[in-house]
Structure formats: structure tokens, C-alpha cells
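Asks: I would like to see how this sequence folds:
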Amino acid sequence: MSRSATHPTILGTGSFVPERVVTNAELSRSLGEEIDEFVSGTLGIRERRWCGPDESVADLAEPAARRAMEAAGVGPDEIDLLVVSTDTPEYISPPTASVLHGRLGLPYTTGTFDVNAACTGFVTALDLAAKYLVAEPRLNRILVVAAYAMTKFVDPTDKKTVTIFADGAGAVVVGRSPEPGILASEFRADGSLSDGLGVFAGGTAEPITPEVLAEGYRNRLHFVKKYPPEVNLEGWPAIVREVLGRIDRTVPEVDHWLWTQVNLSTIREVMRVLDEPMEKAPTIMDKWGYTGSACLPMALDDAVRSERIRPGELLVLTGSGAGLAMGSLAMIWNLREAP
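Replies: Modelled structure (predicted):
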């Protein structure tokens, strides 16, 4: 590829969800109470996809990655670097990226690593890929995969988590273009909220013991305290304005806003604050639930394949989640044809 093609850009997208569909009606029956009014009306989730007993996060990542490579028109031997974003890894060690590297048949010369920034992971990984392409002329194509299998850690009796979280994966191939692509990014964090939501047992701070397993709580995803509503309601508008200011663009110039797909009401309120129409904000939580770091590339792939996104349009992707971590990235869409 010509070295004059120096701008990092997305060359192809892909996504994958497991077969099992779990509806709000099914959860209402299992929980013994009606949950549809809040989960559908407020969060926007009507159904979600869950992994089967024998499915793992790598089983989701692999087909998403293959679809992204197919869309980009590249084979395994053309991938120079693999970056996997997940906070539901295949193992504590080795990295999930190593597992996926083997499954995809990537060459020995293709390096790889995991990124764990929780629900901000895809924006983080995509930003890293773009910066690698700018800094390393020898790299031409980077495969970025975000995969999420959080239902493996969900307590089926916990209404606060079982109704929201789901499984899925999204992927992109990032390469070079003579036209501007990925333009700017911005990140925020508040470590004082790191104890608010998570799976707190299983690491070095609290290894899995018979006592932890018997308790059956600390090794499950759970909310410890409620996140302040202003985290997203104020944080999202602030961070996107910062990103847009750095590229001399304004809010009305954005063609598509892709937000963390956890709460439809929050997205609506943020779009109201920005004075932007909801038609600019693609959503997927109604059919796939909340898939953590994978939700943004899944929403992107869904919008691309439905030909909702056109070449030359300005996109802003914003993710936030446990940690607290938040990231936003602006790009010009360059793909001329949908996969």
C-alpha cells in the first residue's frame, strides 16, 4: 500500500451474536415478576442473546473477526496486529487475543494483545490501532475485536443484571487511506467509582476459594452502588464536544452518534441536551441487549450493513462503563460499499 495513504481508517466491519434468544417475557417468568415495562420502556431492551453452556467469548470473537476480514477483503496473512477488547476473557491467562490468533490462523509475525477497559474497551482498542498505524509505517492492517460473554458471570436471580447484560462480538479491520478517517479521541476516568460494578472475585485481590464459591456473590457480576446519573448525562455531552472541538467541528455537523447501548432513555436525554434528533443515533439494544465493549462495533456493523452510514459522513463513537472509564472517538466514514 502506498505510504501516501497515511490516514487510519476502518476497512471492514463484522459482528456476531449467539443463537439463544431470551425475551423479557421469559425473564418475567423466571424472576416471578413483570419486568417488561421498565426494561423495554426505559432501557429499550426487548430481547437479548445469551451464550450456550459450551460457548465462550472466543466462540463469539472468531466469527465476528472473520466477517470483518471478509468485508475488508483481507486474509489472515494480511493482518499485522490483533487487538482484542474484553473484560470477560477466555482465561485469566493466557490472553484471549492469543486464543483468537490461533483460531484465525494468523502468522507468527502478527503480534497481539488484550485490552481491558470494560465497556470503553472498543473505543480504546480502536484508538490504539489508529495510533499504531500513524507511529509504525511497517503496519498496514490491524484487526480490532471486542467480545463480551458477561452472562457467564450473571446471577440468573439478580434482576438488576440478568435483564440487561447479553453476549456478542464486533470487529473492524483498520488500515490506511489517502482520505481522512479516524480523526481524534478523548478519554476520561474516575477511579473513585471502581468499586461500583464488577466481578470482584477471581483476581489477585480476592482469589476464588471454596468460601467465595459457596457465597456465590463476589464471583458474579453485581452492582455495589448506583452510579451518579450525571456520569453519562453530563459526561457524554462534555467529552464529545471536546473531541469535536479538536477537529474544528460542531455538534450539528455529526451525521451519526453511536453511544454505549445500555439505556435508551439516557441516549434520548443526551441527544436532547445536544439538540440533536434521535434519527442520528442508531440503537441495537432492543434486539441484542447490552453487550459491553462489543456494543459499539456491533451497532456500527449493523448500521453499515443496513446502508444507514454513507461515505464522507462524520461519526462519533462514545463508550463508558465500569471503572469508571469513558472514551469518545470521531471519524469520517470512507467505505464506498456495504459488506
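Asks: contacts, neighbours, all on C-alpha from now
Replies: Fine.
Asks: which residues of the stretch 201-339 of the chain score low on pLDDT?
Replies: 337-339 (pLDDT under 70).
Asks: At which residues are the strands of it located?
Replies: 222-223, 256-259, 314-321, 325-332 (DSSP state E, counting those that start in this stretch).
Asks: Tell me which of those lies nearest to residue 79.
Replies: Ranking the strands of the stretch 201-339 of the chain by distance to residue 79, with C-alpha to C-alpha as the measure, places strand 325-332 first at 21.6 Å.
Asks: now for that closest one, which elements pack on it?
Replies: helix 121-135, strand 182-189, helix 235-246, strand 314-321 (3 or more C-alpha pairs under 8 Å, 6 or more residues apart in numbering; DSSP states H and E).
Asks: ok, back up a step: columns mean neighbour count and distance to residue 73 on top of the strands of the stretch 201-339 of the chain, output as TSV?
Replies: Shown next, in TSV, are the strands of the stretch 201-339 of the chain (neighbours: other C-alpha atoms under 10 Å; distance: least, C-alpha to C-alpha, whole Å):
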stretch	mean neighbour count	distance to residue 73
strand 222-223	18	41
strand 256-259	22	25
strand 314-321	24	23
strand 325-332	24	20
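Asks: Looking at the ones you listed, spot the one closest to residue 103.
Replies: strand 314-321 (28.0 Å).
Asks: any idea of the angle that closest one forms with strand 182-189?
Replies: 20 degrees (axes from the mean of the first three to the mean of the last three C-alpha atoms, to 10 degrees).
Asks: List the strands paired with strand 314-321, with their directions.
Replies: Paired strands of strand 314-321, with direction, are strand 256-259 (parallel), strand 325-332 (antiparallel) (DSSP bridges).
Asks: Need the residues that contact the longest one.
Replies: Where contact means C-alpha atoms under 8 Å, 6 or more residues apart in numbering, the residues beyond strand 325-332 that reach it are 9, 117-120, 123-124, 127, 180-190, 239-240, 243-244, 311-320.
Asks: Mind doing that once more with 6 Å?
Replies: 120, 181-189, 312-320 (C-alpha atoms under 6 Å, 6 or more residues apart in numbering).
Asks: ok, now stretch 17-25?
Replies: Under C-alpha under 6 Å, 6+ apart, the answer for stretch 17-25 is 36, 46, 47, 48, 49, 50, 51, 168.
Asks: and the residues you listed as CSV, adding neighbour count, secondary structure and distance to residue 57?
Replies: Formatted as CSV, those follow (neighbours: other C-alpha atoms under 10 Å; DSSP: H, G, I helix; E, B strand; the rest coil; distance: C-alpha to C-alpha, whole Å):
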residue, neighbour count, secondary structure, distance to residue 57
36, 20, helix, 28
46, 21, coil, 23
47, 25, strand, 20
48, 26, strand, 16
49, 23, strand, 13
50, 24, strand, 11
51, 23, coil, 9
168, 31, strand, 8
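Asks: To residue 70, which of the strands paired with strand 314-321 lies closest?
Replies: The closest of these to residue 70 is strand 325-332. By C-alpha to C-alpha, the value is 21.2 Å.
Asks: Which of the three states applies to residue 64?
Replies: Classification of residue 64 by DSSP: H, G, I helix; E, B strand; the rest coil places it in helix.
Asks: quick one: it and residue 16 touch, right?
Replies: Yes. Applying C-alpha atoms under 6 Å, one finds residue 64 in contact with residue 16, separated by 5.0 Å.
Asks: Which of the two has more residues huddled nearby?
Replies: residue 64 (28 against 23; other C-alpha atoms under 10 Å).
Asks: where does that one sit relative to residue 303, distance-wise?
Replies: 15 Å (C-alpha to C-alpha, to the nearest Å).
Asks: go on, residue 139?
Replies: 28 Å.
Asks: And the spatially closest residue to residue 40 that is not a sequence neighbour, its phi and psi?
Replies: Closest residue in space to residue 40, ignoring its immediate chain neighbours: residue 46 at 5.3 Å, by C-alpha to C-alpha, 6 or more residues apart in numbering. With angles defined as degrees, to the nearest 10, residue 46 sits at phi -100, psi -40.
Asks: doesn't residue 38 make contact with residue 46?
Replies: No. Judged on C-alpha under 6 Å, residue 46 makes no contact with residue 38 at a distance of 10.3 Å.
Asks: and the residue nearest to residue 40, what is it in contact with?
Replies: Contacts of residue 46 by C-alpha under 6 Å, 6+ apart are 24, 40, 286.
Asks: Just the pLDDT for the residue nearest to residue 111 when sequence neighbours are not counted.
Replies: Ranked by C-alpha to C-alpha, 6+ apart and with sequence neighbours excluded, the top spatial neighbour of residue 111 is residue 81, at 5.0 Å. As predicted, residue 81 sits at a pLDDT of 99.
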